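**Q** Any chance you can model this:
(2 chains)
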There are 2 protein chains.
Amino acid sequence: MMDGVDSFAVADDARLFPGAAYRKAWDDRLTALLAEAAIRVRQGPVRPVIDLAGCREDLAGWDFEMPVPAEDVLAWTIGRLESGMVHTGHKRYFGLFNPAPSFPALCGDRIAAAFNPQLASATTSPVPVEIEAHVMRAVARRAGLGPEAVGHFCTGGSEANFTALICALTQAAPGFAKRGSRAFDGQPVFYVSRDCHLAWIKIAHQAGIGRDGVRLVATDGGGRMCMQALRGAIAADRAAGFVPVMVAATAGTTNAGMIDDLPESAAIARGEHVWFHVDAAWGGGLIASDRLRGLLAGIEMADSVTIDAHKWFATTMGCGMFITAHAAALTNAFSVAASFMPSHAPESDPYTSTVQWSRRFLGLRLFLSLAAVGWAGHAAHVERAVDLVRLLARNLLARGWTVANDISLAVLCAEPPAGGAPVREIVARVVRSGEAWVSVASYEGREVVRACVTHGETSEADVEALTAALEAARVKAA
Amino acid sequence: MMDGVDSFAVADDARLFPGAAYRKAWDDRLTALLAEAAIRVRQGPVRPVIDLAGCREDLAGWDFEMPVPAEDVLAWTIGRLESGMVHTGHKRYFGLFNPAPSFPALCGDRIAAAFNPQLASATTSPVPVEIEAHVMRAVARRAGLGPEAVGHFCTGGSEANFTALICALTQAAPGFAKRGSRAFDGQPVFYVSRDCHLAWIKIAHQAGIGRDGVRLVATDGGGRMCMQALRGAIAADRAAGFVPVMVAATAGTTNAGMIDDLPESAAIARGEHVWFHVDAAWGGGLIASDRLRGLLAGIEMADSVTIDAHKWFATTMGCGMFITAHAAALTNAFSVAASFMPSHAPESDPYTSTVQWSRRFLGLRLFLSLAAVGWAGHAAHVERAVDLVRLLARNLLARGWTVANDISLAVLCAEPPAGGAPVREIVARVVRSGEAWVSVASYEGREVVRACVTHGETSEADVEALTAALEAARVKAA
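**A** Numbering: from 1, shown residues only, chains lettered A, B, ... in the order given. Alright, predicted model coming up:
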């Protein structure tokens, strides 16, 4: 019965665990294929150009009944990806905050995959846990939080913001941990700008307080949460029997890159004795820059902070960070003991202080990246993005456009002059051309063209090309 | 001011985005370094042997003030990982369900990182979204769920099980979405075996129903949820005003690989009109095997199922799957519209039907793996693991040990004969030797030695070596 257990009766090509020579050959081949694809991606259209119906037909043929040669599998896959996605790796992708990943981050991702450590417990993966903790301390310190601040890596802003809400709820009502939101005397509520990332609405649902628990506070006409409206909303809620648990300021709105008044938000939260969270998922990258980090003043007063390394720190996708000044809040929220785990150490085992249990070694990407280029290298990355967006703004202003937002960060919200095509048509034309990728956003209730510099190699020439594409789309006959 | 924006005034080595020649050189170097490390890992001890205090001192020196040459960064990192973790990539790792990743999965991970698509929206990443949907349909069909079943990739079992609970709660009380668990007439509760994965306790806390919402149902003396106890618990809860919302059966307990009675669990859930979930995070891998999939009979009746591709499908970490027969339940739970998103299509945009928002292209790993080796290749992988654990069981029985659990899957819970070292001491000695890695588990209240075959290249010789190591540890003088 055990005969043959040691070898598969098939060639290396159809093995899950092929030999070393085969691996080397295919690692080399993949290096070449990906490098060639990267060149084509950069020279081709930013947008997808695939016939999706044809792709679906192709896919239906992959029934996984018979092994397919690696050559065919990889060629099909890479070819379809080349034509079948918005290329965040294209220098003229001026879209949402999905970076072209940095090379050190790619190396970190590959090493983490090869060793594949289990980040649930420090007993299992002592060095990976230590490396992540070191990076988190460095990030927290750089953000200005105190020496006792801790943090961990997670999937991204949604999970980090969810973590903040669970910490806030657990602290606000002693009964929440055991009885959930029914332990509150009234409906728990928290406060965000109406221009926050709307994942907060899903988060409120998921946290068991319900979507009504999100108070979308009016903005101040400049894309920032209105402090007077925030104070008013809290007072009205308290009077009506609701239970405020958190103020969450946004440091870099998705639409416009606006940063809420962090010192005042902090003061209001302190005065109300509620948790103060800063969602700096994108804007948090500014901490690297001595020139720009002052824009985040007040973040150091946060009870917790969200920063996505996969946004302005240019790692591959799925590398969020949650930082808090209160380590005990995390273990109060997430600790549990299980007989099958090799240890139960709330001060070091991530499974006792985070949403996840089994987890990939996410932090290596940022470690390698910071090690390779230092804070200064990341500072240059964020500063050039801001400078390039300012160049774009000057270009458009000179052509009669209006800049809607305060572009202290790397997002521009622009309105075309009257008489040409409207915003949606301009964006559709630019995207369709494949020359660049921009999007429609909403700024203080108005539709605007949104352009954000995310790629680390976007140049002045690319900004000039975008300027020309926007102008051509604006004046083109319908 | 814009001068020099196009180039960093540093060498390629300290750049986030170096040139193509540099990338090629370092991709090749990394291929070689990782291959060499893999050989050393397989020949060395399974357990970490690092001086952790020294590693912490080292880490303190990484202040990210100055760029460090890539050669030094990578050498330090790979060296520390080699000595600083339990090596799931070692053939004598007989531990928890963290696989040595298959080579196709590693290729998929690398391609996903290079293209770095954003899996939030189908407009942004049409082909990646289609590929994932295709894999999920194939997995759901193979598990026996109907043609309308859908699914998505996530971080792992915790997130998938959390998703199930949120779906169950959202369906059970029309007010949950807006008002959270306060919308229920009584405390919502759900039922799992007391030998379930205890992440369920964190999950109940996070879902805002509180840890009291988890009913840990007694086991039947054989490691499975007792059906009579389940019926009794539901009846008692209803009588006392609690609101049952879900029965979650476990298909492959962490401790012992036991599979709850799925048909009977399903029948009870149906009779009570509550959600029926199957946590097959590990055991779900059996669907690949025509010989063994019958063990999961009843799973086809599930409202939702958890399967982790990063367990028995041997992908890299962080590749969970959630499958449900009810697509509308997902959009009811997770849909939200945001002005900055390029589309809002609940039938195709993952951000409207999943916990996460921005997400990595996780599914490519399983797609490449299934494409390369087919279901048959994965069948061979799970069948050999089961066969090898049976060999281990026979070996130990012949030496006077007792097999505590029904080893239909690839986990053995064994008790040593009286007169030698106790379980904890045996496990500590084996782990300390570095010869193999096993753990202590709890089976029906008794401490046992837990050994699980997870590595795709573990051989009969490795099982013989483990047998010898366990025996040596048992008889060794204290």
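**Q** contacting residues around whichever residue of the stretch 151-300 of chain A sits closest to chain B?
**A** Chain B sits closest to A:Gly208 of the stretch 151-300 of chain A, with a gap of 1.4 Å, by CB to the nearest CB. (C-beta placed from N, C-alpha, C; glycine too.) By CB atoms under 8 Å, 6 or more residues apart in numbering or on different chains, A:Gly208 lies in contact with A:Gly180, A:Ser181, B:Leu169, B:Phe176, B:Gly180, B:Ser181, B:Ala207, B:Gly208, B:Ile209.
**Q** Am I right that the fifth one is in a helix?
**A** Spelled out, it's B:Gly180. Yes. Under DSSP: H, G, I helix; E, B strand; the rest coil, B:Gly180 sits within a helix.
**Q** what about the closest residue to it other than its chain neighbours, neighbour count?
**A** The shortest distance from B:Gly180 to any non-neighbouring residue, by CB to CB, 6 or more residues apart in numbering or on different chains, is to A:Gly210 (3.6 Å). By the criterion of other CB atoms under 10 Å in any protein chain shown, A:Gly210 has 24 neighbours.
**Q** A:Ser289 versus A:Gly146, what's the distance?
**A** To A:Ser289, A:Gly146 is 21 Å away according to CB to CB, to the nearest Å.
**Q** Revised request: answer the last question for A:Pro128.
**A** Per CB to CB, A:Pro128 is found 28 Å from A:Ser289.
**Q** cool, A:Val46 as well?
**A** Between A:Val46 and A:Ser289 the computed distance is 27 Å (CB to CB).
**Q** what about those two, which has more around it?
**A** Shown here are A:Val46 and A:Ser289; by other CB under 10 Å, A:Val46 has more neighbours (26 against 21).
**Q** Go ahead and confirm the more buried one touches A:Ser433.
**A** No. Under the criterion of CB atoms under 8 Å, A:Val46 is not in contact with A:Ser433, lying 9.0 Å apart.
**Q** so who does A:Trp437 touch?
**A** So A:Trp437 contacts A:Val46, A:Arg47, A:Val86, A:His87, A:His90, A:Arg92, A:Tyr93, A:Phe94, A:Gly95, A:Val430, A:Val431 (CB under 8 Å, 6+ apart).
**Q** Just to check, the fifth one is in contact with A:Arg42?
**A** What it means is A:His90. Yes. Contact criterion CB under 8 Å: A:His90 and A:Arg42 qualify, at 6.1 Å.
**Q** neighbour count winner among those two?
**A** Taking neighbours as other CB under 10 Å, A:His90 and A:Arg42 compare with A:His90 leading, 25 against 16.
**Q** So for that one, what pLDDT did the model give?
**A** With respect to pLDDT, A:His90 scores 97.
**Q** Could I get the phi/psi values of it?
**A** Phi and psi for A:His90, reported as degrees, to the nearest 10, are phi -90, psi 140.
**Q** what sits against A:Cys196?
**A** A:Leu216, A:Ala248, A:Thr250, A:Thr253, A:Asp279.
**Q** Tell me how far it lies from A:Gly252.
**A** For A:Cys196, the distance to A:Gly252 - CB to CB - is 11 Å.
**Q** closest to A:His273 among the contacts of A:Trp437?
**A** Nearest to A:His273, judged by CB to CB, of the contacts of A:Trp437 is A:Gly95 at 39.9 Å.
**Q** So what sits opposite the residue lying closest to that closest one once chain neighbours are set aside in the bridge?
**A** In this structure, A:Gly95 finds its nearest non-sequential neighbour in A:Trp437, 4.9 Å apart by CB to CB, 6+ apart. Counting by DSSP bridges, A:Trp437 forms beta bridges with A:Tyr93.
**Q** just the residues of the stretch 201-350 of chain A that are near chain B, which are they?
**A** Listed as neighbours of chain B in the stretch 201-350 of chain A under the rule CB under 8 Å from any CB of the partner chain: A:201-202, A:204-213, A:254-255, A:308, A:310, A:314, A:316-318, A:333-334, A:336-340, A:342.
**Q** Show me what the helix with the most length in chain A is packed against.
**A** Longest helix in chain A by number of residues, with DSSP state H as the criterion: helix A:364-398. Judged by 3 or more CB pairs under 8 Å, 6 or more residues apart in numbering or on different chains; DSSP states H and E, helix A:364-398 is in contact with helix A:103-115, helix A:126-142, strand A:402-403, strand A:411-415, strand A:446-452, helix A:460-475, helix B:70-83.
**Q** can you pull the buried residues of that helix?
**A** For helix A:364-398, the neighbour count (16 or more other CB atoms under 10 Å in any protein chain shown) marks A:364-393, A:395-396 as buried.
**Q** And the strands in chain A?
**A** A:150-154, A:188-193, A:214-217, A:243-250, A:275-279, A:304-308, A:320-324, A:402-403, A:411-415, A:439-443, A:446-452 (DSSP state E).
**Q** Give me the distance between the longest one and the centre of its chain.
**A** Same thing as strand A:243-250. Between the centre of strand A:243-250 and the centre of its chain there are 21 Å (CA atoms, centre = their mean, to the nearest Å).
**Q** cool, the third one as well?
**A** The gap between where strand A:214-217 is centred and where its chain is centred comes out at 22 Å by CA atoms, centre = their mean.
**Q** what about that strand, average pLDDT?
**A** Mean pLDDT, computed over strand A:214-217, is 98.
**Q** Please save the CA atoms from it in PDB.
**A** C-alpha atoms of strand A:214-217 as PDB (Å, rounded to 0.1, in the frame of the first residue of the first chain):
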ATOM      1  CA  VAL A 214     -21.500  55.600  11.200                       C
ATOM      2  CA  ARG A 215     -21.900  59.300  11.500                       C
ATOM      3  CA  LEU A 216     -20.800  60.900   8.200                       C
ATOM      4  CA  VAL A 217     -19.900  64.400   9.400                       C
END
